[in-house]
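>>> Just to be clear, the model below is a prediction. Sequence and coordinates:
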Amino acid sequence: MQKVQRIFTLSIVLMLVAGVLGPAGAVWGADSPAQTWIVQGASATAVAAAVRAEGGEVTAMLPLIDGVVARLSAAQAQELASRAGITGVTPDAPVRLVSDGDDDPFPFDPDVLPQGVDDDFVTSFTHRVESAFGMHGEKATEMLGGWGIPETDAPDVTGADLVWDEGYDGTGVTVAVVDTGIGLHPGVLLGTDGAVRLVGWKDFVRHKRWPKDSNGHGTHVAGIIADSMVGADGEYNGVAPNVNLVGVRVLDRTGYGTYSRVIQGIQWVVDHKDTYNIKVMNLSLVALVQSPYWADPLNQAVMGAWADGITVVVAAGNGGPTPMSVGVPGNTPYVITVGAFTDNYTPSDWDDDYITPFSAAGPTLDGFVKPDVIAPGAHIVSTMLPNTYLVRKGMAEEVAPGYYWMAGTSQAAAVVSGMAALVLEAHPDLTPDEVKFRIQATAFPWIDPVTTEAGYSVWQQGYGRVNAYDAVMMDGLDGYAANQGMDIAADLAGDTHYEGFSYYDEDSGTFKLQGYGTWSGGYGTWSGGYGTWSGGYGTWSGNEPWAGSVFFEAAFVEDFLNGVGPDASATTTSIGIYP
């Protein structure tokens, strides 16, 4: 399955014609008030100079996407869009923050705390955690023995518990959780030895100096990755229970955010990856697809992180089982995009397992097979504090004190982030492409063992259900990497872009994977040789999947083919949970 992609080189002029003029629907007006824009060009430094020359204010540097966040009037933005060297001027949606009270379990005096994350963070935070929870060095499991901690099934279903037996639990690897924050739950804050392992924190929403999660989603995700508590089954509850964590808050109390805020969060992770040894970044969030993957600023940031050596794991989205429902940034071909299956409450019996109806399905609008793999994502029990937004709104069901049930590809992505941490502890020199290859190559394709026919199409399961033990322990995989034939540096530079092999056969009403051919320039058709997937996966049958959707509109098709970036003023980024 290494040749699921082929090179598709475009003219730079074609790629940027619409983007330079600004997004469709943007209203330029001399008297309009200043608003937030994402401005891109040759480099962040050059763009910042151009913004200031127009009288605008640069509020954040985004070198990851050769851009900045700026405050500009519409007239200033229009002038910038006409400048040579400016490749994109995208309006950003403002976020209205609603006061949610203080749900921290213990008070902090902001006057005596260090600003942001610095060298004293771990030491200072450790003292406060010990004081608040009465730890003083005791192991967390001993202190919390009376909580009635429930067991979780994801480690058993994926084989992560077998990896622990081999001596790997995530030690020394740091996972960045870019989400709604991280709450002060002992299972997340403390490693298996009772020491504080939340080594970094940054809040782009309310600029809190210490970890906070008013929503609850980020804490749930972090717990799936890393919960160090021992459950009723006598095993750790997190997939990588001793991994280090960094929390980056980019989504608000209700679980929504803006492109600029999420990109700033990703930029911060890249800037601090060496400081905190960040090897994995979890993005359990989703936005609507509005352009080719390479024209989307959020996807560009994700690609930049991948190119910088961070294994990025993202949720596919919860728009399934409809085809072409994978969102941004899950439609980025390089990263690990995760769909969800359920063990149907029988973790030791695979016969009744199935892919959840909500799990988003491919292909992407660029023709790529997504998701890459599927992982447990239904009735997932993990950490969360009471009095958070999801609890108050009835979107999370309490199982035990500090533990709640949720479902979604957010949860499935967190499982794979924990797996990636285990892989990197055992193989610390792997590149993101090599980590992705190990996770894909060792997955179990969902096939009928008798007929060998696929139980689900390749656009629903990718390579299949994840297999943590073999991903970590299998020999003979050294030197192999995913994303073969793709040059991410050239992709980011705008020199070359790629398309997948998926196409929709109108005669048969199925998606198929072609052999070789060239893109014909029309939406939904390929010219050249057609072929069905020969590796045991079925084709997807059904009605023309985009009929009646925005993808069917002529304006969308034209913008997509011309590489127009998304209008962020009409775009929200939100958590990937199933309601």
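Perfect, I can see it now.

>>> how near is residue 61 to residue 187?
Counting by C-beta to C-beta, to the nearest Å, the gap between residue 61 and residue 187 amounts to 36 Å. For every residue, glycine as well, the C-beta is placed using N, CA and C.

>>> more crowded one of those two?
Per other C-beta atoms under 10 Å, whichever of residue 61 and residue 187 has more neighbours is residue 187, with 27 against 16.

>>> name the helices or strands packed onto the host helix or strand of that one?
Per DSSP states H and E, residue 187 falls inside helix 186-189. Counting contacts by 3 or more C-beta pairs under 8 Å, 6 or more residues apart in numbering; DSSP states H and E, helix 186-189 packs against helix 140-143, helix 217-226.

>>> Between the ones you listed, which one is closest to residue 155.
Ranking the helices and strands packed on helix 186-189 by their distance to residue 155 (criterion: C-beta to C-beta) puts helix 217-226 first, at 9.6 Å.

>>> Quick check: beta-bridge partners of residue 503?
Beta-bridge pairing of residue 503 under DSSP bridges involves residue 512.

>>> A helix includes residue 33, no?
No: counting by DSSP: H, G, I helix; E, B strand; the rest coil, residue 33 is not found in a helix; it is coil.

>>> Find the residue closest to it in space, skipping its chain neighbours.
residue 73 (6.7 Å; C-beta to C-beta, 6 or more residues apart in numbering).

>>> the domain parsing of the chain - what is it?
The chain breaks down into these domains under automatic domain parsing: 31-91, 139-480.

>>> from the ones you listed, which stretch is densest packed?
domain 139-480 (a mean of 23; mean count of other C-beta atoms under 10 Å).

>>> could I get the domains of the chain as JSON lines with distance to residue 488 and mean pLDDT?
Below are the domains of the chain laid out as JSON lines (distance: least, C-beta to C-beta, whole Å; pLDDT from 0 to 100):
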{"stretch": "domain 31-91", "distance to residue 488": "13", "mean pLDDT": "88"}
{"stretch": "domain 139-480", "distance to residue 488": "5", "mean pLDDT": "91"}
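
>>> Switch these over to TSV; also include distance to residue 509.
Below are those laid out as TSV (distance: least, C-beta to C-beta, whole Å):
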stretch	distance to residue 509
domain 31-91	37
domain 139-480	11
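
>>> so who does residue 312 touch?
280, 281, 283, 302, 305, 306, 329, 334, 335, 336, 432 (C-beta atoms under 8 Å, 6 or more residues apart in numbering).

>>> I should have written residue 155 there, sorry.
161, 164, 235, 236, 237, 238, 239, 468 are the contacts of residue 155 under C-beta under 8 Å, 6+ apart.

>>> how about 6 Å then?
Contact analysis of residue 155 by C-beta atoms under 6 Å, 6 or more residues apart in numbering lists 161, 239.

>>> Same check on residue 419?
468, 471.

>>> That one in helix, strand or coil?
helix.

>>> again, but for residue 413
With three-state DSSP as the basis, residue 413 sits in helix.

>>> Isn't it up against residue 313?
Yes: if you go by C-beta atoms under 6 Å, residue 413 and residue 313 touch, sitting 5.2 Å apart.

>>> where along the stretch 401-550 of the chain do the strands fall?
Assigned by DSSP state E, counting those that start in this stretch, the strands in the stretch 401-550 of the chain fall at 403-406, 497-500, 502-505, 510-513, 517-519, 526-528, 540-541.
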